[in-house]
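S.K.: what's the 3D shape of this:
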Amino acid sequence: MQIFKIIILGIPVLSGVWWLWADRRLRGMGAGAALRTALAGVMLLFLACFGWVVFGRREWVTVPIPQLLYSLVLLWGVIFLPLVGLPSMVGWSLYSIGRRVLGRTSSAKPAAPPEEGVRKWTRREWLSAATVALPVLATFGTTAYGLPRMTRFRIREMTVSLKDLPPALDGMRIAQVTDTHIGKFTRGKVLDQIVAATNRLQADLVLFTGDLIDNSIDDLPAGVAMLQQMRGTAAGLFLVEGNHDLFDNPAAFTQGVRAGGLALLQNEAATVQVRGVPVQVLGIPWNHHDDDLARDVDKMAALRQSGAFPILLAHHPHAFDRAAQQGFPLTLAGHTHGGQLMLTEGLGAGPVLFRYWTGLYRKSGLALVVSNGTGNWFPLRLNAPAEIIHLTLRRA
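M.R.: So this is what the prediction gives:
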């Protein structure tokens, strides 16, 4: 948590450093006041939005930050400042120092053409201008690309063969919904679309694997109302909590979900009849440390009901390691958003941060299914589309 605070506080500081450098570059190139003023306006907008994001949860802030401005500050602070702006600044500074050391710079500036009175930029100055403009233009361009896609999701069909599946459950269908992150980017009509798409699947069970809300407990009523409308053909919906659900008020989240009549499983189990066979749904609370996950999975193993087919729900997919050791035939998880930003299927944030990040994984015939999630906390997905998983179980 301390590292997270340092990173957050570092964004405006590093933005200010980059701004000073960029303004100096423009001034040194003889850029007009209009360009420098435009840069100042953009940077002040970024910094103002950053302050709005940081203090937006205070009681005295009554106006929520618009999606557009939220997207700008996230993309600038998380991606384009650290990955484009600062490396460009450092690289250009090293290049300039190298030229001075090698004696390749000249103190004399080309004379202005007498007929125009305005000096033309050199190729080096055009390159300098590009290093200033690129991170800013990329932030606005990516926002324009990403925001319209925040309400899009797919139905991902998946078939999993399990050797311990009872014969009567061959063909059993599960709708896995997860990571809706109701709040700044997922709200309004898209929630009705998620409900309609889920119910059209006519799955035997609907299982939700955490992160119902994104940040504020004020968004919980919308989340509860959404889940109340989802129904499986054999039973209602079962869910577990995610880390975002606990950011604001964990106790209020638990109370609000259960007051809405929803089956929230916190190291608990519930048994329902599906096609005449008992199916036991077991759910663990949010944890991200392997030891804590293993401890909770062990508790669930102790609750397993003889003769019932067990399904383990865990927000963090690393619970699968212990679940496989304990012989759970099927584990469902979310949390990863499919890696969120993936250059290829196997290259990106997913494999860097997680052992399991999207789709189907197996150990000794036991299965883990990780969903990319249906909603968004970040305004850009790359090769990790939002989804509802429609899972069909088959007897191996």
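
S.K.: Pull the number of nearby residues for Met150.
M.R.: For Met150, the neighbour count with other CB atoms under 10 Å is 21. The C-beta positions use only the backbone N, C-alpha and C, and glycine is treated the same way.

S.K.: same deal with the one 5 residues further on?
M.R.: Each residue near Ile155 was counted by other CB under 10 Å, and the total is 13.

S.K.: So the chain: which segments form each domain?
M.R.: Domain assignment of the chain by automatic domain parsing yields the ranges 2-147, 150-395.

S.K.: hey, least reliable of those by pLDDT?
M.R.: Per-stretch mean pLDDT for the domains of the chain is lowest at domain 2-147 (a mean of 81).

S.K.: shouldn't Arg258 be in contact with Glu268?
M.R.: No: using CB atoms under 8 Å, Arg258 is not in contact with Glu268; the gap is 11.2 Å.

S.K.: where do the strands sit along the stretch 151-300 of the chain?
M.R.: Taking DSSP state E, counting those that start in this stretch to define them, one finds strands in the stretch 151-300 of the chain at 154-162, 173-177, 205-208, 237-239, 263-264, 268-274, 277-283.

S.K.: Keeping just the C-alphas, turn stretch 137-156 into CSV.
M.R.: Only the C-alpha atoms of stretch 137-156 are listed here, as CSV (Å, rounded to 0.1, in the frame of the first residue of the first chain):
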residue,chain,number,x,y,z
LEU,A,137,-1.5,13.1,-28.6
ALA,A,138,-1.3,9.4,-27.8
THR,A,139,-3.2,10.0,-24.5
PHE,A,140,-6.1,11.8,-26.3
GLY,A,141,-6.1,9.4,-29.3
THR,A,142,-6.2,6.3,-27.1
THR,A,143,-9.0,7.8,-25.0
ALA,A,144,-11.0,8.4,-28.2
TYR,A,145,-10.4,4.8,-29.2
GLY,A,146,-11.0,3.1,-25.8
LEU,A,147,-14.1,4.9,-24.4
PRO,A,148,-16.6,3.8,-27.0
ARG,A,149,-15.5,0.2,-26.3
MET,A,150,-16.2,0.3,-22.6
THR,A,151,-19.7,-1.0,-23.1
ARG,A,152,-18.8,-3.9,-25.4
PHE,A,153,-18.5,-7.6,-24.3
ARG,A,154,-18.6,-11.0,-25.9
ILE,A,155,-20.1,-14.3,-25.1
ARG,A,156,-17.2,-16.8,-24.9
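
S.K.: what does that stretch contact?
M.R.: 67-68, 71-72, 75-76, 79-80, 84, 185-186, 189-190, 193-194, 197, 201, 371-372, 374, 376, 379-381, 385-390 (CB atoms under 8 Å, 6 or more residues apart in numbering).

S.K.: related to what we said a few turns ago, could you check which of Arg258 and Glu268 has the larger neighbour count?
M.R.: Glu268 (17 against 13).

S.K.: ok, now which ones touch the residue nearest to the more buried one when sequence neighbours are not counted?
M.R.: Here the nearest residue to Glu268 in space, its sequence neighbours aside, is Gly283; by CB to CB, 6 or more residues apart in numbering that works out to 6.4 Å. Taking CB under 8 Å, 6+ apart, we find Gly283 in contact with 238-240, 264-269, 300, 312-314.

S.K.: what about stretch 245-254, start to end distance?
M.R.: 9 Å (CA to CA, to the nearest Å).

S.K.: Let me fix that, I meant to ask about stretch 50-69.
M.R.: Using CA to CA, the two ends of stretch 50-69 sit 9 Å apart.

S.K.: Stretch 339-353 now?
M.R.: Start-to-end, stretch 339-353 (CA to CA) is 8 Å.

S.K.: go on, stretch 168-179?
M.R.: Stretch 168-179: ends 31 Å apart by CA to CA.

S.K.: Show me which positions of it end up buried.
M.R.: For stretch 168-179, a neighbour-count test (16 or more other CB atoms under 10 Å) marks Leu169, Met172, Arg173, Ile174, Ala175, Gln176, Val177, Thr178, Asp179 as buried.

S.K.: Also stretch 47-57?
M.R.: For stretch 47-57, burial by neighbour count (16+ other CB under 10 Å) applies to Leu47, Cys49, Phe50, Trp52, Val53, Gly56.

S.K.: again, but for stretch 181-189
M.R.: His181, Ile182, Gly183, Lys184, Phe185, Thr186, Arg187.

S.K.: And for stretch 253-273?
M.R.: Phe253, Thr254, Gly256, Val257, Leu262, Ala263, Leu264, Leu265, Glu268, Ala269, Thr271, Val272.

S.K.: Nearest residue to the fourth one in space, please, no chain neighbours.
M.R.: Looking back up the chat, that one is Val257. In space, Val257 is closest to Leu264, 4.7 Å off (CB to CB, 6+ apart).

S.K.: So what sits opposite that neighbour in the bridge?
M.R.: With DSSP bridges as the criterion, Leu264 is bridged to Leu239.

S.K.: That one and Gly232: what is the separation?
M.R.: 16 Å (CB to CB, to the nearest Å).

S.K.: what's the nearest residue to Leu220 if we skip its chain neighbours?
M.R.: Nearest non-adjacent residue to Leu220, counting by CB to CB, 6+ apart: Gly256, 4.7 Å away.

S.K.: ok, back up a step: among the contacts of stretch 137-156, which lie within strands?
M.R.: Glu387, Ile388, Ile389, His390 (DSSP state E).

S.K.: Separate out the buried members of the contacts of stretch 137-156.
M.R.: Buried, going by 16+ other CB under 10 Å: 71-72, 75-76, 79-80, 84, 185-186, 190, 194, 197, 201, 371-372, 374, 376, 379-381, 385-390, out of the contacts of stretch 137-156.

S.K.: Need the strands of the stretch 151-300 of the chain in TSV (columns: distance to Val42).
M.R.: As requested, the strands of the stretch 151-300 of the chain are arranged in TSV below (distance: least, CB to CB, whole Å):
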stretch	distance to Val42
strand 154-162	35
strand 173-177	38
strand 205-208	40
strand 237-239	42
strand 263-264	44
strand 268-274	50
strand 277-283	46
